[in-house]
Structures are given as C-alpha cells and as structure tokens.
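A.B. asks: Predicted model and sequence below, questions to follow.
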Amino acid sequence: MQTAIMFLLIIASVVLMVLAISKLKMHPFIVMLVIAMLLGLVWGIVDPESGLTPVEVVNTIKSGFGGIMTSIGIVILCGTIIGTILEKTGAALTMANTILNIVGKKNSVVAMGAMGYVTGIPVFCDSGFVVLSPISRALAQQSNISLAVMGTALSGGLYATHCLVPPTPGPIAMAGTLEADLGLTILVGLLISIPAVIVAILYAKLVASKIDIPANSEYTYEQLQTKYGKLPGALQSFAPILLPIILIAVASICDFPAKPFGTGAAYQVIMFIGNPVVALLLGVFLSMTLIPESEKENTLKWVTQGVTDSAGILAITCAGGSFGAILKCLPIADSVGTLTSTGIGVLIPFIIAAILKIAMGASTVAMITTAGMMAPLMATMGFTSPLAKVLVVMAIGAGSMFVSHANDSYFWVVSQFSDMKTDEAYKCQTGMTGVMGITVIIIVFIISLFV
C-alpha cells in the first residue's frame, strides 16, 4: 500500500511541477524547491519510519542543491564564460563556418549529433553540452535552422555515449560491478549507441524542427568581420573547446583500472589538469587570447556577462538537484527490487533502471543502483557469458536514459543553453531521450535472444 502511495506522490509531484511551470508560468527554481519540500514533508507523514523529519527535509534540499553546485557549478560558470567570449570575438562563427565547409549546410544537424557522440565518450554530458553550445548556436544561425534542432541533436549525441560507453563513470562502474569485460563493453557500447544517435538526429529533424527558436547571436558574421577586420583562425577558435575535451579524455584513459600511466607523478598531474574544473578554467584563459587588442578593455565586461548569464542556469539546475535529493530518500530501490523475480531477461534491468531514472533524475545513480541490485542475481538469471554481462550493462544504460525530465540536471542544462521553454524542453529533450531508451532496449533484447 505504501509503495503505491509513494509512486502516486512522485507522479503527482511531476505533474504538478509541469503544470506550475508550463501553465501557471511560475519560475522552475521556486516550483522545484517548493514541490521538493512538500514531497518530503508528506512522505514523512505517510511513513514516519523511512520518511524525513521537517528539519531533515530542509537539510536534504540544501545538500541536493549544493551537491549539483559542487559537481557542475564551476563547469557551467567556466563554460558560459568561454561561450560568451567565443561569441563576442566571432570564434563561434569561425567554428560553425569550418564545420559547414566540411559537411555542408544540409548535414549540419548530423555533424552536431556526431560531435556529441564523440565528445560524450570522455566528457560528462552536462559539461559537454555547456562546452559545445556555442558551436550549436553558431551552426543554427549559419544554417538557418532552429536552435531547438541543433540543441536536441547535440544532446542526443552526448547522452548516447554518456549512458552506454566507458570511460564515462556510470558505464565503467556498471562494468566493474557486474564483472563485464571492459574492452567488450566499450566496443558494444560504441556500436549500440550509434542507432541511438541516429534516432536522436531523426527526432531533432522531425519533432524539434516544429519549434522555432532563433539562435540570437549578437552579431552576424559580416558585422564581426567589419568590426574586427579579421576573425580568429579555425585552430585558434576551436582551441578553448578542444583543449578541455582532450585533457578530460586523457584523464579518463589515465584512470582506467589498468592505470596505463601508472600511479605516480604523471598520474597525479594528468588527473589534476584533466579534472573538468581545471580543464575548463584553462579553456577560459585560452579563450581570452581570442580577444583582439582593440577589445581588451571589454575582457572584464564579457567575463562578468558570462557569470551573470550562468546564474539562472545554475539556480534551476541546482533546484532540480534538491528535488532529486528528496526522491533519493524515498525507498524506491527497495520497491522495484521485486521485479527481478519476474523472469523476462534483459528487460528486467531496463525496467528497474528506467523507474529509478524517472523517479530520481540522475542517470549515473540509476545505473550504479541497478547494477548493484543485479549483481547477485546474474548467475541465477543466466547472465554468465561475457556478452550476456555486457548486454545487461547496455540494458541498464538504456533504462538510465529513459527519460530526462524536470528532476534531471541535464534537462535544465539543455533547455537553458538552448533557450527552450519548459514545455518545449519536454517535447525535445524528454521525448527524444524516451525514444532513445526504447530504441536501445529493443536492440539489446533482440541480441539477447541469440546469446
């Protein structure tokens, strides 16, 4: 009975959140904090044993807010500053033109999805979206395509490899917990994430294209050329983005279980400069080299604008963390544990991960929690071969991407950096991730029939 009440409360919270933000036009920051508080207080009354006291509810909300700020706060700040400077100096337009010259305007959406696919392997999807959003915006302007399309394609590309391919923390943790071969997990993850990205690109073209969001770049390419005379070169323009991505990627490889660079001084140095915070900070300083002498006096102004622009994004994203923190205190994992006895193969880990993802928001938490629940059951359920173990990892990954909505920090990163209203983000981000998750589990289930 309590389990039913718990899920009804969760559903009611999400519905109320959507209505308050979309229909009543209330700010998401206020809505999520209030609903998180109400949910915590109501559950404390329904189940005094597992529920939180009023004081614990407030402390949980604060810790959830602070947890998100700790994990991606500096990354968002630095990424926004880089984006502001790239736009002001015309470097973003240079990057967009470089990509368009290679792939052509008609393939710009595909290029954005492919860029996300590659970047999402070593870089967290939140960080990757922040870093690549200037290119997304510039490409949207140069291609005369809605920013919703570009943002959705980029988000899907990042999300696919984030949920399925090590060395992203979630997949690599699942592989370790389920004793799946890491090399085979990477190979299968790379292959299975390709159709997920294709579906995301198609969704962007067919669904997101119906939402018109202008790129809203402050200057056109011609205006910047007139102002500065000559825009930054391609290599110089890409450097503030490529350097952080490369550093983070090298650090991910360095932290492989085999420790290819050892554990000594080299390891410490690489892990330090490859930390997203340090890597993005280096990107900020590198982006400052793009500012022409005639505009050096505006450096402080542009950095300040980047910090100011990130404030709203941080507020909403961290409020989502507060809501997620309250949900994590509910006995959701215990309630879905009984699903493991139903005997429907790889659909079981998918369903468990999907429930946890929808309820708690964090993909990585859903992956790690589900893997921990599945580990003692692998032999009993017949998942003993190397490929079978990898397929369970993929099934959990598919569940962890189904679906991204208001309690997921990534949902707000995508919506805020793509200028999407909340209802538009539900159509683009939530709808797309739902389709991606279903696509992946169908492929995994079909493969499992022959293993």
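C.D. replies: Okay, I see it. Quick caveat, the model's predicted, so the values are computed rather than measured.

A.B. asks: So for residue 440, what's the pLDDT?
C.D. replies: What the model reports as pLDDT for residue 440 is 97.

A.B. asks: Show the contacting residues for it.
C.D. replies: 164, 192, 193, 195, 196, 394, 397, 398, 401 (C-beta atoms under 8 Å, 6 or more residues apart in numbering). No exception for glycine: its C-beta is placed from N, CA and C like everyone else's.

A.B. asks: from the residues you listed, which single one is nearest residue 20?
C.D. replies: Nearest to residue 20 out of those is residue 401 (C-beta to C-beta; 25.8 Å).

A.B. asks: measure that closest one to residue 346 for me?
C.D. replies: Counting by C-beta to C-beta, to the nearest Å, the separation of residue 401 from residue 346 is 15 Å.

A.B. asks: and the end-to-end length of stretch 198-215?
C.D. replies: 23 Å (C-alpha to C-alpha, to the nearest Å).

A.B. asks: Show me what counts as buried in that stretch.
C.D. replies: 198-205, 207-208, 211, 213, 215 (16 or more other C-beta atoms under 10 Å).

A.B. asks: Please convert those residues to CSV, extending it with secondary structure.
C.D. replies: Shown next, in CSV, are the buried residues of stretch 198-215 (DSSP: H, G, I helix; E, B strand; the rest coil):
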residue, secondary structure
198, helix
199, helix
200, helix
201, helix
202, helix
203, helix
204, helix
205, helix
207, coil
208, helix
211, coil
213, coil
215, coil
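
A.B. asks: Nearest to residue 257 among these?
C.D. replies: Of those, the one sitting nearest to residue 257 (C-beta to C-beta) turns out to be residue 200, at 30.1 Å.

A.B. asks: you'd agree that closest one is up against residue 113?
C.D. replies: Yes. With contact defined as C-beta atoms under 8 Å, residue 200 reaches residue 113; the gap is 6.0 Å.

A.B. asks: Report the set of residues contacting both of those two.
C.D. replies: Joint contacts of residue 200 and residue 113 (C-beta under 8 Å, 6+ apart) are 153, 156, 157.

A.B. asks: Kindly export the strand or helix carrying the second one (C-alpha atoms) in PDB.
C.D. replies: Spelled out, that is residue 156. Using DSSP states H and E, residue 156 maps to helix 147-164. This file holds the C-alpha atoms of helix 147-164, laid out as PDB (Å, rounded to 0.1, in the frame of the first residue of the first chain):
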ATOM      1  CA  LEU A 147      18.300  26.200 -32.200                       C
ATOM      2  CA  ALA A 148      15.900  23.500 -30.900                       C
ATOM      3  CA  VAL A 149      17.000  21.200 -33.600                       C
ATOM      4  CA  MET A 150      20.700  21.700 -33.000                       C
ATOM      5  CA  GLY A 151      20.300  21.500 -29.200                       C
ATOM      6  CA  THR A 152      18.300  18.300 -29.500                       C
ATOM      7  CA  ALA A 153      20.800  16.600 -31.900                       C
ATOM      8  CA  LEU A 154      23.800  17.600 -29.700                       C
ATOM      9  CA  SER A 155      22.000  16.500 -26.500                       C
ATOM     10  CA  GLY A 156      21.200  13.100 -28.100                       C
ATOM     11  CA  GLY A 157      24.700  12.500 -29.300                       C
ATOM     12  CA  LEU A 158      26.200  13.300 -25.900                       C
ATOM     13  CA  TYR A 159      23.600  11.300 -24.000                       C
ATOM     14  CA  ALA A 160      24.000   8.100 -26.000                       C
ATOM     15  CA  THR A 161      27.700   7.600 -25.200                       C
ATOM     16  CA  HIS A 162      27.300   9.100 -21.700                       C
ATOM     17  CA  CYS A 163      24.900   6.300 -20.800                       C
ATOM     18  CA  LEU A 164      26.500   3.400 -22.800                       C
END
